[in-house]
Every structure is written in C-alpha cells, then in structure tokens.
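Q: need coordinates for the below:
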Amino acid sequence: MHRQRHAKIVATVGPASSSPEMLRALFRAGVDTFRLNFSHGTHDDHAKVFHALRAMEQEFDTPIGILQDLQGPKIRIGTLREGRLALAAGDRVRFVPEGKDGDAQSIPLPHPEIFAAVVPGQDLLIDDGRVRITVTGVTDEAIDAEVAVAGVISNRKGVNLPGTMLDLSPLTPKDRVDLEFGLELGVDWVALSFVQKPSDIIEARGLIGGRANLMAKIEKPQALDRIDDIVRLSDGIMVARGDMGVELPQEEVPGRQKELVRLCRLAVKPVIIATQMLDSMVNAPTPTRAEASDVATAIYDGTDAVMLSAESASGSYPIEAVTMMDRIIRKTERHKLYRSIVLAIEPDIEETPSHAVAAAAAEVAEMLRAKVIVAFTLRGTTALRIARRRPEVPILALTPNLRAARQLCLLWGTHSVQSREIDSYEDMVKEARDHAVDLDYASSPDLIVVVAGVPFGQAGSTNNMRVLQI
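A: The predicted model follows:
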C-alpha cells in the first residue's frame, strides 16, 4: 500500500481511535505511523493498540511505524483554597515551594528547580500563557512577582518559564517506567519531551540502548540555542509547536519551523511538524482555511511528516481528519510551484562517496524519467540520503531489517519493504526488479534506478548505482 504522495501522516491514538476497526480505517485513510501518547492511557491500553497495529501489518503485508511519545516533566502549580484565583494586572503574588489551599500570597509551586533557576525580570506563564506573571524577587522560600497579564488560575494549571534553563532531567520516574515498557513492546521511535540541551539526548540514548530510534521534541526555547548538537545526536526531530508557541512569541514560530525543517534536511534526519494542524476538526467535519494553509505550508517547507493530535485521538471526526490531511498533501505536492519551492533549499552534496552516489541516483532517475529508485539499505541510511534530495521519483527502500522498514515509514517519499538478504549483484538485480513490478511501481519497458552498497550487508556503504530496464 504505497501512498500517492511524498509527505507522511502521523496520527495519535486515543479513545476515539483505539479499536482495531478504527485503526484499520485510519490506516486505509492514509496514516503511515501511529503515535502512542504516554501522557494519557494505561500500559494495558497502549499494549492493546500496539498488538492491533502489529496484527494489521500482517493483514496488509506492509510495515507500520509506531512512535512512543513520553510525557516528560510537567510543571504545575499546586492546589488553591477555593480551587481558583482571579488575578488583576498589577497584583502582587507570592509562590511558595510547599503547601496546599494557597491564596495570592502562598501559591504552591512544588518545583525546587524553579526556585534555584529563576531570577527577577523573568516571566512565569500559567495556563498556556493566558496569565503572565513577572518575577520581582527570589529566595529559597518564596518567589515574589507581579501580575503582568490578568486572568484566572486554577488548581494544577501548567507553568512555562521561557528563557529559563531548569536543572531538570527530561525523563521523570514515570517516563523511565513507560520507556522500558515501550521498548519491551517493540516501539520503533521514542519521542523525548522537554529537551533543553544535548546531554538530555545522551541520557535518553543510554536508556534506549539502540532498541529504537530517538526523536527530540523541540518545544523549549533553550533547545534552539543548541539545536545543531541536538539534531546531530538525535535520529529525528518533532517540531512541537504547542509549548513552543507559549514560550516563544507567536510571530517567531513560523520562521523557527522553516529553520528546523531545513536543518533536519541538511542533517539527513526526518522531521515532523506537530500540534493543532487541523485542530477545528476535533469538533467539526472540515478544517478552517487557515488550518489547510498551515498543513500546506509544512509541505512546501519540505517536512517529512505532519501530525494529528487530538484530531485523531479524541475528536469526533478522526477518519475525516486523516482524509483531509491526505487530500491537502496530495494537492500541495501537485501544485505547479511545489517543486520550485522545495528545491529552493536543496542542500549541497556532502563530499563523501555515499552522499554523492545517493544524489546522483536522484538526478539520474529524474533525467531518465525512471519510475522508481530502489534503495537497498540495512539501517535506512541509503534511503535517508536519497530522500534528502527530495526527488520527484518515488523511493522504494528494501531492507532485511524489519525495524528499519518500520522506522522508514516517517521518511519523505519512501515506501519501505522487508526483503530477503542479498549477497550478490545478481540477487540485487532480481530483488529490485521483482519488488518494483510486484508493488506496481514499474512494468516493461520502464527504467528503474538501483542504489546499494558493496559489499552487501555492510551498513553505511552506499557506493553503487545501476540503471535497469524492466
């Protein structure tokens, strides 16, 4: 079931979409990778979805990607005496590290790392930035502040601290238990929340131990200060525009999105654009025109994948949301300006044989109007290098590694298949031809371009290209 589009769709599974019948319908509608959000649901809930998806793989005879999204630290105020507190601009308030039933002079903030890091002049954003409070003084026992933007705060509302680096691991005790559970199940990707610095990625990698690919969620401004290192250490990036839009000025987010997509493409790492893409479809069968434009913008940027969150997890129209996203992607990719916009940021070829061969394969395939580029790959690297060029010709990735095939379900323009191991040039030619024909990519007398590494079975050795006629 190869899609007739380049960009991929990630859908979050939740109460509206967790039944095997709904998962099957979502896959048919266009989902390439399913996201298990460990901020919600029990281990038993996620295990049932996981096993249903793996059964679907057998039914459709195609790899399906599964992404585990860890919750990460959640910074929240404690409980208030009346459950809520109305604050006017100019009000003086005080936060304390302990206590309950707080009032304006004793708002519980049970996070000592905040008291250690915050300084006068910095802001605390409560309830997704609806209330803004400016710090005026700090001691070990209290944070004094003044209300800058009025509003109502209530029990357990979230707190964001733009510009403040917190001495806080991105992996809570809950995350560590969830991570081990997901790895034992066999998830393909792990999305790490609350990334602030490169060492956060190193810490998570140590726990994952190569059992899954690691995706860094970019939602904190602090991560942007070290983004080159974070991208280099990660296997992929998710542009999580929810918290990013709270902690950064809203007008900065579109530019940051473009920067991150371009950086990932240069680094040969897949990138997902996420959060509120078709948000009105949580409650309506059609999106707003602004939302349709938002999805299209991500496609013009050259993103590998776009993601649905509440739209597919808890909304009333999950199938319609996937179908609409699929339609927007297809229409955008067929627009007369699409190729020129995507190629406007075409990366330079890195001066290595592997990158040169991959780039040449993309160019030759387009020049000869080949029907498909067949990439033999062990861990997915060859396919990544070809996809980096964003060729018009589809990429068929053949790998004996089922995990790699599933991970490639996120990669732009690529359909992945688990194939048998090859050990000779003759094997390579036969496998390439057979799969290209069997999957309806090519027929006689079409041309296909084949890329591989010789000796076969050696990861990272892309060094051979051949043009074949069916």
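
Q: any idea how far residue 294 is from residue 241?
A: Distance, residue 294 to residue 241, using CB to CB, to the nearest Å: 9 Å. C-beta: built from backbone N, CA, C; applies to glycine.

Q: residue 141 too?
A: According to CB to CB, residue 141 stands 36 Å off from residue 241.

Q: more neighbours: the two, which one.
A: residue 241 (22 against 10; other CB atoms under 10 Å).

Q: ok, the more buried one touching residue 254?
A: No. With contact defined as CB atoms under 8 Å, residue 241 does not count as touching residue 254 (9.3 Å).

Q: quick one: low-confidence ranges for the stretch 351-470 of the chain?
A: Along the stretch 351-470 of the chain, the parts satisfying pLDDT under 70 run over 460.

Q: please enumerate the helices of the stretch 101-250 of the chain.
A: Secondary structure of the stretch 101-250 of the chain (DSSP state H, counting those that start in this stretch): helices at 112-117, 173-185, 198-208, 221-225, 227-233, 241-247.

Q: can you map out the strands along the stretch 251-400 of the chain?
A: Using DSSP state E, counting those that start in this stretch, the strands of the stretch 251-400 of the chain run over 271-274, 305-308, 373-376, 395-399.

Q: got the contact list for residue 228?
A: For residue 228, the contact set (CB atoms under 8 Å, 6 or more residues apart in numbering) comprises residue 263.

Q: adjust the sequence numbering to begin at 327 for everything that follows.
A: Okay, using 327 as the starting number, the last item reads as residue 554.

Q: and it, how far from residue 776?
A: In terms of CB to CB, residue 554 sits 34 Å off from residue 776.

Q: with residue 447 instead?
A: Counting by CB to CB, the gap from residue 447 to residue 776 is 60 Å.

Q: higher neighbour count, these two?
A: Relative neighbour count places residue 776 above the other of residue 447 and residue 776, with 24 against 9, counting by other CB under 10 Å.

Q: is it fair to say the more buried one lies in a strand?
A: Yes. Residue 776 forms part of a strand when assessed by DSSP: H, G, I helix; E, B strand; the rest coil.

Q: quick check: it touching residue 792?
A: Yes. In this structure, residue 776 is within contact of residue 792 by CB under 8 Å, at 4.8 Å.

Q: what touches both of the two?
A: Common neighbours of residue 776 and residue 792 (CB under 8 Å, 6+ apart) are 754-755.

Q: what's around the residue nearest to residue 704 when sequence neighbours are not counted, how many residues?
A: Nearest residue to residue 704 in three dimensions, chain neighbours excluded: residue 785, at 4.4 Å (CB to CB, 6 or more residues apart in numbering). Here the number of neighbours of residue 785 (other CB under 10 Å) works out to 14.

Q: how near is residue 785 to residue 727?
A: 9 Å.

Q: overlap of the contact sets of those two?
A: By the contact definition CB under 8 Å, 6+ apart, residue 785 and residue 727 are jointly contacted by 704-705.

Q: how is this structure partitioned into domains?
A: What automatic domain parsing lists as the domains of the chain is 334-398+496-667, 410-486, 679-795.

Q: okay if I get the ones you listed as a markdown table plus distance to residue 327?
A: Shown next, in a markdown table, are the domains of the chain (distance: least, CB to CB, whole Å):
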| stretch | distance to residue 327 |
| --- | --- |
| domain 334-398+496-667 | 5 |
| domain 410-486 | 38 |
| domain 679-795 | 8 |
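
Q: need the contact partners of stretch 760-778.
A: Residues from elsewhere that reach stretch 760-778, judged by CB under 8 Å, 6+ apart: 328, 683-684, 687, 690-691, 694-702, 708, 712, 719-720, 722, 724, 741, 743, 745, 748, 754-755, 758-759, 788, 790-796.

Q: what subset of those residues is buried?
A: By neighbour count, with 16 or more other CB atoms under 10 Å, the contacts of stretch 760-778 hold 683-684, 687, 690-691, 696-702, 708, 712, 719-720, 722, 724, 741, 743, 745, 748, 754-755, 758-759, 788, 790-791, 794 as buried.

Q: was I right about residue 638 contacting residue 343?
A: Yes. Taking CB under 8 Å as the definition, residue 638 is a contact partner of residue 343 at 5.3 Å.

Q: run a quick neighbour tally on residue 523.
A: 17.

Q: local confidence estimate at the residue nearest to it when sequence neighbours are not counted?
A: Excluding the flanking residues, the one nearest residue 523 by CB to CB, 6+ apart is residue 552, at 5.6 Å. pLDDT, residue 552: 96.

Q: list the contacts for the residue nearest to residue 715 when sequence neighbours are not counted?
A: Distances taken as CB to CB, 6+ apart place residue 688 nearest to residue 715, at 3.9 Å, with adjacent residues excluded. Applying CB under 8 Å, 6+ apart to residue 688 gives the contacts 699, 712, 715, 717, 719.

Q: go with 7 Å
A: The contact partners of residue 688, taken as CB atoms under 7 Å, 6 or more residues apart in numbering, are 699, 712, 715, 717.

Q: what about the third one, distance to residue 788?
A: In this case it means residue 715. Using CB to CB, we find residue 715 at a distance of 13 Å from residue 788.

Q: got it, and residue 605?
A: The gap separating residue 605 from residue 788 is 40 Å, by CB to CB.

Q: output the helix or strand that contains residue 761 in CSV with nothing but the alpha carbons.
A: Assessed by DSSP states H and E, residue 761 sits inside helix 751-764. The C-alpha trace of helix 751-764 is given here as CSV (Å, rounded to 0.1, in the frame of the first residue of the first chain):
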residue,chain,number,x,y,z
TYR,A,751,24.9,-8.5,-7.8
GLU,A,752,22.6,-10.9,-9.5
ASP,A,753,20.4,-11.1,-6.3
MET,A,754,20.3,-7.3,-6.2
VAL,A,755,19.1,-7.0,-9.7
LYS,A,756,16.4,-9.7,-9.3
GLU,A,757,15.1,-8.3,-6.0
ALA,A,758,14.9,-4.8,-7.3
ARG,A,759,13.0,-5.8,-10.5
ASP,A,760,10.7,-8.2,-8.6
HIS,A,761,9.7,-5.7,-6.0
ALA,A,762,9.3,-2.8,-8.4
VAL,A,763,6.9,-4.9,-10.6
ASP,A,764,5.1,-6.6,-7.7
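
Q: just how off-centre is it within its chain?
A: Going by CA atoms, centre = their mean, to the nearest Å, the spacing between the C-alpha centre of helix 751-764 and its chain's C-alpha centre is 32 Å.
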